[in-house]
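Student: When you get a sec, could you give me coordinates for this:
(chains A and B)
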2 protein chains.
Amino acid sequence: MIINFFMPTKVIMSEECIIKHADLMKEYGKKALIVTGANSANNCGALSDITLALQNQGITYDIYDRIRSNPSIASVYDGAAFAREKESEFVIGIGGGSPMDAAKAIALLAVQDLKEEELFLGKYDNLALPIVLIPTTAGTGSEVTPYSILTNDIKQTKTSIQAPLLFPKIAYLDARYTKSLPMTVTINTAIDALSHAIEGMLTIRATYVSNALAIESIERITQCLRSLSPSKVNSENQLSKDIREKLLYGSMLAGVVIAHTGTTAVHSMGYCLTYFKNVDHGRANGLILPSFLRFIAKHDIELAKKVLSAAGVASMDEFEAIFLRLLGDREQITVKEMERFAAIAFQAKNIMNTKVIPTKEDIENIFTRSLQIL
Amino acid sequence: MIINFFMPTKVIMSEECIIKHADLMKEYGKKALIVTGANSANNCGALSDITLALQNQGITYDIYDRIRSNPSIASVYDGAAFAREKESEFVIGIGGGSPMDAAKAIALLAVQDLKEEELFLGKYDNLALPIVLIPTTAGTGSEVTPYSILTNDIKQTKTSIQAPLLFPKIAYLDARYTKSLPMTVTINTAIDALSHAIEGMLTIRATYVSNALAIESIERITQCLRSLSPSKVNSENQLSKDIREKLLYGSMLAGVVIAHTGTTAVHSMGYCLTYFKNVDHGRANGLILPSFLRFIAKHDIELAKKVLSAAGVASMDEFEAIFLRLLGDREQITVKEMERFAAIAFQAKNIMNTKVIPTKEDIENIFTRSLQIL
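Tutor: Below is the predicted model of the structure:
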């Protein structure tokens, strides 16, 4: 039995947890850098909570709010230059995966002189600014992982920086911040989290403990999916506090899972849809996942059954129906695009991380089954 | 939903993990103190593995092997004086709960001047030598907890030092070290671990995540209990590698559970049997646990059912039968002793940590049902 478990982040989840547990930040310095996007941290209330909490603790702060979706390498170098200029002592990331992942890279680059070509090589000094993360969506799990995913224009996909020193010191989880999310964002992020938990079970690095956490995550998230509906897109606040808390909890757990297992071919394939077709990351995973699980089931039916059982469904058809209902019409791509995406996805390292390693032809078949091919 | 999760220990479990992952210790210094008992670390092979691993890394070491079962406060002050004299930079504890718990207290006392009356107050500077733990039994879970349990002659019971800075940096788990344990030790430690996982579910601090881990732990351990039998007491090596690994894994997970939840009245009651009647700690918990769960069932049947379901049994009688088979004849105590023990146990703070708080009369009834009263 081989078990490696390491997740040093302090997870603090409760209503008003930032205000109540602000003292935990004191040991990281007197000057914080808040990294976020243009609006979301502000709109959901997280920004006012964190600034009040910092003031209460006598910690000053600067705000870097220039992070966009699927952050570029240039943007994190820019953020790191800002951190150096401001002499920030620790970094607070607020938002979905993009600001949180950017905050991690900024924390690294603020204290290490890394050239762009060294950024993804994994050879870092044991040095980064302490990181505090506050998710405002329930999807990425970035608040408990050592990963920072950036858009890599050289490789024409998304690439991850991975290092234990990127584990956040603290993750503050307050489900009030997900209250005003549009329903599509809630759906796509929930599917992203579900995909993390399921993919974790499908990796060669899955262990008893990662599976136990994955199953717990899958159970909680799928219980909530029944309450989500794309037809509710424009009405706010229609999800109960209980549902939002379970989704946030489930996505955190799924983050703990992939912190140990990594992801699979689903993510490599999804990245192509995001990079070339601008499909939202969670949605991209959700488009691929059912066909990918069918592929797994062909080779390892017991493994697929474990996933279906955790998801509370009896068959692959029932599993797929969940995604059909939530995602609606699938994107169209040409045969040529499909072949190109398969070629790129096949190069990704998480292909080899999958318990049943797909061939390039398998990947093409899964793409074909998952999208509308023109 | 309130979830606090923090377990910063790096858990490394595999065959020969100390040798294979010795480099992880390098960052903690060039001079180690090995804390252990008189024989067990030596007999099981852990001591020769760790000394070879340290030599490979160019780390020198001293050995303090004067830890006895249920370590006294005096013994950890003595060990700390030894650590100061040797200028040890980090502490490696090898053994069952006693050497591991002593190693934690020594790591604290080696760098903090605490008077005996301050030892259990929880007011420490944020300073302790880094701690590496190597369990040689599958029971205590101390390798992943922030607790050090010492025998407290003033309070006539066992008392715990608790502080996040006592979390070990690394826990090396190699089930080869449990191979030569006598069957009674295997049984008593397995029951200790099972008690941790079950008690975790019965505390007011139980959360979704601690319950998920507890259920995983209970499932694995109870699967193994079927292979244990007190009649096999004198034959060695009769347990498969798979069983020993599952027990070690299950006890580690149960440690993660109580690191978050603490324990219940079962532990307070068991401590009396250990302190006054010299009953082994795991056995003491096992004597109390079935009657305690019956008490819980009377007040919260759903909670008790969750435990029974994880243990793979259909009824309280079936649950109790597991313990009757493994523990054999119960100890005898007088009515007077029972009343005295109940009075002491009722003072312990983990009484209030129980979902259904027992009265002193409840505790007397549970003692009466659990032992032979003369």
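Student: Show me which residues of the stretch 201-350 of chain A are close to chain B?
Tutor: Contact residues, the stretch 201-350 of chain A versus chain B (Cβ under 8 Å from any Cβ of the partner chain): A:208-209, A:212-213, A:215-216, A:220, A:242, A:245-246, A:249, A:252-253. The way it works is simple: take the backbone N, C-alpha and C, and place the C-beta from them, glycine included.
Student: who wins for neighbours among these?
Tutor: A:L253 (30 neighbours; other Cβ atoms under 10 Å in any protein chain shown).
Student: Quickly find the element holding it.
Tutor: Taking DSSP states H and E as the definition, A:L253 sits inside helix A:241-261.
Student: Next, count neighbours for A:L374.
Tutor: Neighbour count for A:L374, taken as other Cβ under 10 Å: 10.
Student: Tell me who's in contact with it.
Tutor: The neighbours of A:L374, taking Cβ atoms under 8 Å, 6 or more residues apart in numbering or on different chains as the test, are A:Q332, A:I333, A:T334, A:V335.
Student: Can you pull the phi/psi pair for the third one?
Tutor: Its backbone dihedrals place A:T334 at phi -80, psi 160, with angles given as degrees, to the nearest 10.
Student: now do the one 10 residues further on
Tutor: The main-chain torsion angles of A:I344 are listed as degrees, to the nearest 10 and equal phi -70, psi -50.
Student: nearest residue to it other than its sequence neighbours?
Tutor: A:C272 (5.5 Å; Cβ to Cβ, 6 or more residues apart in numbering or on different chains).
Student: For the worst-scoring helix or strand of chain A on mean pLDDT, buried residues please.
Tutor: Least confident helix or strand of chain A, by mean pLDDT, DSSP states H and E, is helix A:40-43 with a mean of 81. Using 16 or more other Cβ atoms under 10 Å in any protein chain shown as the test for burial, helix A:40-43 gives A:S40, A:A41.
Student: by contact count, what packs against that helix?
Tutor: strand A:90-95 (3 or more Cβ pairs under 8 Å, 6 or more residues apart in numbering or on different chains; DSSP states H and E).
Student: For the strand it packs on, C-alpha coordinates in CSV please.
Tutor: What follows is strand A:90-95 as a C-alpha-only set of coordinates in CSV (Å, rounded to 0.1, in the frame of the first residue of the first chain):
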residue,chain,number,x,y,z
PHE,A,90,1.8,38.0,1.8
VAL,A,91,-0.7,37.5,-0.9
ILE,A,92,-4.5,37.2,-0.6
GLY,A,93,-6.3,35.8,-3.7
ILE,A,94,-10.0,36.3,-4.0
GLY,A,95,-12.2,34.9,-6.8
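Student: Any idea which residue is closest to the centre of chain A?
Tutor: Centroid-nearest residue in chain A: A:T140, 2.1 Å away (criterion: Cα atoms, centre = their mean).
Student: ok, the residue nearest to that residue when sequence neighbours are not counted to chain B distance?
Tutor: Once flanking residues are discounted, A:T140 sits nearest to A:G97: 3.3 Å by Cβ to Cβ, 6+ apart. Distance, A:G97 to chain B, by Cβ to the nearest Cβ, to the nearest Å: 20 Å.
Student: Need phi/psi at A:G97.
Tutor: Here is the backbone geometry of A:G97 (degrees, to the nearest 10): phi -60, psi -40.
Student: Confirm for me that it is in contact with A:L150.
Tutor: No - contact between A:G97 and A:L150 fails when scored by Cβ atoms under 8 Å: they sit 10.9 Å apart.
Student: Name the residue in the two with the higher neighbour count.
Tutor: Per other Cβ under 10 Å, whichever of A:G97 and A:L150 has more neighbours is A:G97, with 27 against 23.
Student: residue contacts, that one?
Tutor: Counting by Cβ under 8 Å, 6+ apart, A:G97 touches A:T137, A:G139, A:T140, A:S142, A:I149, A:D192, A:H281.
Student: Just flag the most distant two among these.
Tutor: A:T137 and A:I149 (14.4 Å; Cβ to Cβ).
Student: Contacts for the next helix or strand after the least confident helix or strand of chain A, please.
Tutor: The helix or strand immediately downstream of helix A:40-43 is helix A:46-56, counting by DSSP H and E. With Cβ under 8 Å, 6+ apart as the test, helix A:46-56 has contacts from A:16, A:18-19, A:22, A:25, A:32, A:34, A:36, A:41-42, A:60-61, A:63, A:92, A:94, A:134, A:136, A:174, A:177.
Student: For the residue lying closest to A:F167 once chain neighbours are set aside, which residues are in contact?
Tutor: Distances taken as Cβ to Cβ, 6+ apart put A:P146 closest to A:F167, at 4.9 Å, once the chain neighbours are dropped. Each residue near A:P146 by Cβ under 8 Å, 6+ apart is listed here: A:Q162, A:A163, A:P164, A:L165, A:L166, A:F167, A:A259.
Student: Which residue comes closest to the second one once chain neighbours are left out?
Tutor: It refers to A:A163. A:A163 sits nearest to A:Y124 (Cβ to Cβ, 6+ apart), 5.4 Å away.
Student: Just to check, A:G96 is in contact with A:T137?
Tutor: Yes - using Cβ under 8 Å, A:G96 makes contact with A:T137 at a distance of 4.1 Å.
Student: so what's in contact with those two at the same time?
Tutor: Residues within reach of A:G96 and of A:T137 at once, by Cβ under 8 Å, 6+ apart, are A:V185, A:T189.
Student: quick one, helices of chain A?
Tutor: Ranges of helices in chain A, per DSSP state H, are A:17-20, A:40-43, A:46-56, A:73-86, A:97-109, A:183-201, A:208-225, A:241-261, A:265-277, A:281-299, A:301-310, A:316-327, A:335-347, A:360-370.
Student: in the third one, what's buried?
Tutor: Within helix A:46-56, the residues that qualify as buried are A:A46, A:L47, A:D49, A:I50, A:T51, A:A53, A:L54, counting by 16+ other Cβ under 10 Å.
Student: any idea how far that helix is from the chain center?
Tutor: 24 Å (Cα atoms, centre = their mean, to the nearest Å).
Student: now do stretch A:167-184
Tutor: In terms of Cα atoms, centre = their mean, the centre of stretch A:167-184 is set 12 Å apart from its chain centre.
Student: Repeat that for stretch A:18-37.
Tutor: That offset, for stretch A:18-37, works out to 22 Å (Cα atoms, centre = their mean).
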